[in-house]
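Colleague: okay, here's the prediction I keep looking at, along with the sequence it came from:
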Amino acid sequence: MLEACESKCDIIKNFIPSWFAAVMGTGILAISSMMYSSYIPALNNIAIILFYFNILMFFAFIIPWTLRWIMYPKNAFADLKHPILSSFYPTVAVAMLVLASDFISIGHNMFIGEIFWGIGVIGMIIFSTVVTFYMFKSEHIKLDHVNPGWYIPPVGLLVMAIAGSLIMPHTTGLIHELVVLVNYYGLGAGIFAYLALLAVVMYRFILHNPLPSALAPTIWINLGPIGAGIIALLNLVNNSPFVSVKEPFYIFSFLFWGFGLWWAVMAIIMTIYYIKNLKLPYGMPWWAFIFPLGAYVASSHMIYGIFQYNIIDYVGFGLYWLLFGLWAITLVKTAIATYHGYPFKGH
């Protein structure tokens with residue numbers, strides 16, 4: 001009995017923030033599956049299954065995440081001040097924002113979508129501010145700590161505008177103004193914070209040691225702000241009546257998509273390099289493969305919807321199967337590792 005209690009307490013004590021990256025990844029896979037059901041109708045059923053599975057996963061994770069703040073606040077605050085782990089704290093809020101999009105697009109439930117979006121926005125504003133503040137005032141951050149996981153707060157800010165832009169047409173009065181303000185705040189803060197961090201991370205890639213093997217999957221996170229930024233921008237432009245000339249935003253989105261394709265190729269090459277030369281051991285950072293690639297896949301379908309170039313959709317559909325394969329492998333490895341208790345051994 002005592003051992004069982006200690007085991008459960010270890011799960012809570014060592015429940016790191018990055019678990020919600022699994023909810024983010026599964027949520028965007030569900031949306032991407034729905035988008036590409038035009039090619040294979042069965043993907044629509046898969047999208048629905050993933051949607052409900054993701055809801056169960058979110059509530060399974062939110063319990064130990066909450067209990068950790070109550071039972072082990074020192075551990076929770078230590079992660080919030082950690083130069084690497086802190087960037088993963090916003091994933092809980094991003095997960096709620098992704099679920100909001102799932103409820104609206106797949107579940108066709110605007111009311112629950114609005115609830116998840118509202119709570120997710122509050123959490124995202126809090127965590128993006130606190131995490132950045134701690135990084136700014138820290139005296140212990142070194143170049144070794146710089147990694148693409150730092151993009152997660154900007155990604156979360158951008159994701160605010162994805163579901164939020166779909167909510168805009170369903171609001172009126174002061175609430176409508178607040179939703180518009182939040183969406184453009186998220187888009188503006190997210191894009192410029194990402195561009196600033198892009199320079200810092202590129203500096204590390206070029207002039208410093210390679211990322212540790214455990215963090216190698218975070219290379220894919222660069223696709224997150226690209227894909228999420230494109231979706232957020234297009235959704236906002238299409239749902240903002242005051243934007244009368246939309247073409248410049250469409251062209252910018254296409255340019256941004258081009259940068260994403262370059263990075264997708266680079267991420268594949270770098271991952272193969274790590275597998276062959278430096279190894280790629282399983283860890284929770286493997287979920288960094290999923291959401292960023294999923295966001296880029298979804299953005300590819302949206303770019304195709306505007307410009308009607310089939311090759312763009314073919315690229316997106318090809319990457320969709322890479323996404324699905326990586327998600328399945330990561331899910332199985334996570335399930336096996338969880339069964340053996342590896343993610344709860346402490347860090």
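Modeller: Now that the structure is in, tell me what you want to look at.

Colleague: and the nearest residue to Ser18 once chain neighbours are set aside, how many residues sit next to it?
Modeller: Residue nearest to Ser18 in three dimensions, not counting chain neighbours: Phe88, with 4.0 Å by CB to CB, 6 or more residues apart in numbering. Yep, even glycine has a C-beta here, placed from its N, CA and C like the rest. Neighbour count for Phe88, taken as other CB atoms under 10 Å: 27.

Colleague: quick one: Phe88 from Ile152, how far?
Modeller: 6 Å (CB to CB, to the nearest Å).

Colleague: what's the answer for Ile290, then?
Modeller: 13 Å.

Colleague: just Met135 next, same as before
Modeller: 12 Å.

Colleague: got it, and Thr271?
Modeller: Distance of Thr271 to Ile152, given as CB to CB: 19 Å.

Colleague: model confidence score at Glu6, please.
Modeller: Predicted confidence (pLDDT) for Glu6: 53.

Colleague: by contact count, what packs against the host helix or strand of Ala47?
Modeller: For Ala47, the element it lies in under DSSP states H and E is helix 42-71. For helix 42-71, the elements it packs on are helix 2-13, helix 21-35, helix 73-80, helix 91-105, judged by 3 or more CB pairs under 8 Å, 6 or more residues apart in numbering; DSSP states H and E.

Colleague: average model confidence for the last one?
Modeller: Going back to what we said before, that points to helix 91-105. Mean predicted lDDT for helix 91-105 stands at 97.

Colleague: ok, then the element right after it?
Modeller: helix 110-137.

Colleague: how far off helix 91-105 does that following helix point, in degrees?
Modeller: If you take axes from the mean of the first three to the mean of the last three CA atoms, to 10 degrees, helix 110-137 sits at 160 degrees to helix 91-105.

Colleague: check the offset of the helix or strand that helix 110-137 is followed by from the chain's centre.
Modeller: Note on helix 110-137: by DSSP H and E, the next helix or strand toward the C-terminus is helix 152-167. Relative to its parent chain, helix 152-167 has a centroid offset of 10 Å by CA atoms, centre = their mean, to the nearest Å.

Colleague: hang on, the earlier thing: Ile290 and Ile152: who's more crowded?
Modeller: The residue with more neighbours, out of Ile290 and Ile152, is Ile152; 31 against 25, by other CB under 10 Å.

Colleague: show me what contacts the nearest residue to the more buried one once chain neighbours are set aside?
Modeller: Once flanking residues are discounted, Ile152 sits nearest to Ser87: 4.8 Å by CB to CB, 6+ apart. Going by CB atoms under 8 Å, 6 or more residues apart in numbering, Ser87 touches 131, 149-153.

Colleague: so which of the residues you listed comes closest to Leu234?
Modeller: Tyr151 (19.9 Å; CB to CB).

Colleague: what's around the residue nearest to the closest one when sequence neighbours are not counted, how many residues?
Modeller: In space, and not counting its chain neighbours, Tyr151 is closest to Ile221: 5.0 Å by CB to CB, 6+ apart. Burial of Ile221 is recorded as 26 neighbouring residues (other CB under 10 Å).

Colleague: roughly how far does Ile221 sit from Leu198?
Modeller: Taken as CB to CB, the span from Ile221 to Leu198 is 11 Å.

Colleague: now for these two: what residues contact both?
Modeller: With CB under 8 Å, 6+ apart, Ile221 and Leu198 have common neighbours Tyr151.

Colleague: which positions within stretch 146-156 qualify as buried?
Modeller: For stretch 146-156, burial by neighbour count (16 or more other CB atoms under 10 Å) applies to 146-156.

Colleague: repeat for stretch 51-61
Modeller: 51, 54-55, 57-58, 61.

Colleague: pull the CA atoms of that stretch into PDB?
Modeller: Taking Å, rounded to 0.1, in the frame of the first residue of the first chain, the C-alpha atoms of stretch 51-61 are listed here in PDB:
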ATOM      1  CA  PHE A  51     -11.000  14.500 -31.000                       C
ATOM      2  CA  TYR A  52     -12.600  12.400 -28.300                       C
ATOM      3  CA  PHE A  53      -9.400  10.700 -27.400                       C
ATOM      4  CA  ASN A  54      -7.800  14.100 -27.000                       C
ATOM      5  CA  ILE A  55     -10.500  15.300 -24.600                       C
ATOM      6  CA  LEU A  56      -9.900  12.200 -22.400                       C
ATOM      7  CA  MET A  57      -6.100  12.800 -22.500                       C
ATOM      8  CA  PHE A  58      -6.400  16.400 -21.500                       C
ATOM      9  CA  PHE A  59      -8.500  15.700 -18.400                       C
ATOM     10  CA  ALA A  60      -6.200  12.800 -17.500                       C
ATOM     11  CA  PHE A  61      -3.200  15.200 -17.600                       C
END
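
Colleague: give me the contacts around it.
Modeller: Residues contacting stretch 51-61 (CB under 8 Å, 6+ apart): 15, 19-20, 22-23, 26-27, 30, 95-96, 99, 102, 106-107.

Colleague: quick one: buried residues of stretch 30-45?
Modeller: Here stretch 30-45 shows 30-36, 43-44 as buried, counting by 16+ other CB under 10 Å.

Colleague: pLDDT below threshold where in the protein?
Modeller: 1-8, 344-347 (pLDDT under 70).
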